[in-house]
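Engineer: Got a sequence here, can you model it:
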Amino acid sequence: MSKKLLSKYLNTMRLGQNTLNVFFPKNIGEFIDAIKRVYNTGYILCGGGSNIIFGDNFSKSVINTIFMNSFFIEKNDLIVCAGLMSSFLSLISFILNIKGFEFLHLLPGTLGGAIFMNARCYDGEVSGLNFEVESVAIKFNAENKNLEFIFNKRKNNECDFSYKNSIFQKNNEFIYRIRFINYFKNDYEKDLFFIFSKYLEKYIIKKFNSIKKCSNLKYFYNNYKIRRILEIVKRVCKLEKFKKNFLQNKNFNIKDFLKERESIYNKMLYIENDRVNKRHFKYFSAGSVFKNNYKFGIPTGKIIDELGYRGYKINKISVSPYHGNIIINLKDGKFQDLETIINLLKNEVNKKYGFIPEEEIILLK
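Structural biologist: From the prediction side, this is the model:
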């Protein structure tokens, strides 16, 4: 079934004034049913809405994947559906003391979106993880006038990853599931996962039971911040069942828990403090607006700072006072003002530095 929603609730920038027809499939079968219903009239796919922004005139149907968020174990692999929040993977990896996923901490949006964009931050990149992507290609067979759904599997090295890019931006296939290969090293980690996942589902995943919550950056931060994670850890570790099976009936000590995970904890704490200090969750935004130009060698945010546009504002849309490459919606901003600022920054960068910065966000007009 579909719902009627204002487009501003489908993105973290909170822009868009049209009422749209939105589908929320919970599995691949419901996703295919939704595609069949809207294929002829046009549609777009989205998840947490952290890098897309809706224009006031956008009117196509939307298929949103945030409730395709289940996960399970198969042998030593962790299999997650594409609508699961990226930050969930850093959370569970921290609890299991598995390194390499720290950079995903407090990264807004879904895992499907992170793979689609080859998300990169804090010295980490999605393409550096060990996984296999399950996707579906949607094609119209003109001969029999039917839609065809072709299922594919691609290992990491077959996804054509590059800076903020992947094969999925070219072939328009829908990512619906990701298999993290050999994620678990032993049965102890699997047992720990089973007991924690039940409570993480209850205290975190089920908290995001609407798109309005999923696309609310403040709400996202308050549920995924380290302090909240540790509250859940303490709650679970006080259970008699946990103490008996994992602590040999000893009392849980949070200091020992953190000491065992010191490098992971310190990296996540650094990321969290940096994001908070840059006010990533204080305002409505879509994160970094432009990609960095590595040939030029200076981050785009620093270039915009040097041009003097940090804090530049048109009505309720402003370049962040804390980061030159983030544009924020102070409240009830307009898509037109956002476009004006983006075009201004492009022109000013080109005028002084001789190149036009490429947008990282997707503007739906």
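Engineer: okay, and for the stretch 151-300 of the chain, where does confidence drop off?
Structural biologist: 249 (pLDDT under 70).
Engineer: which residues in it form helices?
Structural biologist: 168-171, 187-203, 211-214, 217-224, 226-237, 240-246, 254-260, 262-277, 300-306 (DSSP state H, counting those that start in this stretch).
Engineer: out of those, nearest to Gly128?
Structural biologist: Gly128 sits nearest to helix 262-277 of all the helices of the stretch 151-300 of the chain, at 14.4 Å, using C-beta to C-beta. Every C-beta, even on glycine, is put in place using the N, C-alpha and C of the backbone.
Engineer: follow-up on the earlier one: could I get the helices of the stretch 151-300 of the chain as TSV with distance to Ile328 and mean neighbour count?
Structural biologist: Formatted as TSV, the helices of the stretch 151-300 of the chain follow (distance: least, C-beta to C-beta, whole Å; neighbours: other C-beta atoms under 10 Å):
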stretch	distance to Ile328	mean neighbour count
helix 168-171	26	14
helix 187-203	29	15
helix 211-214	19	20
helix 217-224	10	18
helix 226-237	24	16
helix 240-246	42	13
helix 254-260	33	12
helix 262-277	14	16
helix 300-306	13	19
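Engineer: For Asn157, find the nearest of the ones you listed.
Structural biologist: helix 168-171 (14.6 Å).
Engineer: what does the closest one rub up against?
Structural biologist: When contacts are defined by C-beta atoms under 8 Å, 6 or more residues apart in numbering, helix 168-171 is touched by residues Ile115, Phe116, Met117, Val133, Ser135, Ala137, Cys159, Asp160, Ile175.
Engineer: Now distance to Tyr322 too, for the helices of the stretch 151-300 of the chain, in CSV please.
Structural biologist: What follows is those, written out as CSV (distance: least, C-beta to C-beta, whole Å):
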stretch, distance to Tyr322
helix 168-171, 29
helix 187-203, 30
helix 211-214, 24
helix 217-224, 14
helix 226-237, 21
helix 240-246, 40
helix 254-260, 29
helix 262-277, 7
helix 300-306, 10
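Engineer: Out of the ones you listed, flag the one nearest Glu339.
Structural biologist: helix 300-306 (16.3 Å).
Engineer: what packs against the closest one?
Structural biologist: With contacts taken as 3 or more C-beta pairs under 8 Å, 6 or more residues apart in numbering; DSSP states H and E, helix 300-306 sits against helix 335-353.
Engineer: ok, and for the helix it packs on, which residues are buried?
Structural biologist: Neighbour counts over helix 335-353 (16 or more other C-beta atoms under 10 Å) mark Phe335, Asp337, Leu338, Ile341, Ile342, Leu345, Lys346, Glu348, Val349 as buried.
Engineer: mind saving the C-alpha coords of that helix as PDB?
Structural biologist: Taking C-alpha atoms only, helix 335-353 is exported to PDB below (Å, rounded to 0.1, in the frame of the first residue of the first chain):
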ATOM      1  CA  PHE A 335      14.500  24.800  -3.000                       C
ATOM      2  CA  GLN A 336      14.900  27.800  -5.300                       C
ATOM      3  CA  ASP A 337      17.200  29.500  -2.800                       C
ATOM      4  CA  LEU A 338      19.300  26.300  -2.400                       C
ATOM      5  CA  GLU A 339      19.800  26.200  -6.200                       C
ATOM      6  CA  THR A 340      20.800  29.800  -6.200                       C
ATOM      7  CA  ILE A 341      23.500  29.300  -3.600                       C
ATOM      8  CA  ILE A 342      24.800  26.100  -5.300                       C
ATOM      9  CA  ASN A 343      25.100  27.900  -8.700                       C
ATOM     10  CA  LEU A 344      26.700  30.900  -7.000                       C
ATOM     11  CA  LEU A 345      29.300  28.700  -5.400                       C
ATOM     12  CA  LYS A 346      30.000  26.900  -8.600                       C
ATOM     13  CA  ASN A 347      30.500  30.100 -10.500                       C
ATOM     14  CA  GLU A 348      32.800  31.600  -7.800                       C
ATOM     15  CA  VAL A 349      35.000  28.500  -7.500                       C
ATOM     16  CA  ASN A 350      35.300  28.400 -11.300                       C
ATOM     17  CA  LYS A 351      36.100  32.100 -11.500                       C
ATOM     18  CA  LYS A 352      39.000  31.900  -9.000                       C
ATOM     19  CA  TYR A 353      40.200  28.300  -9.300                       C
END
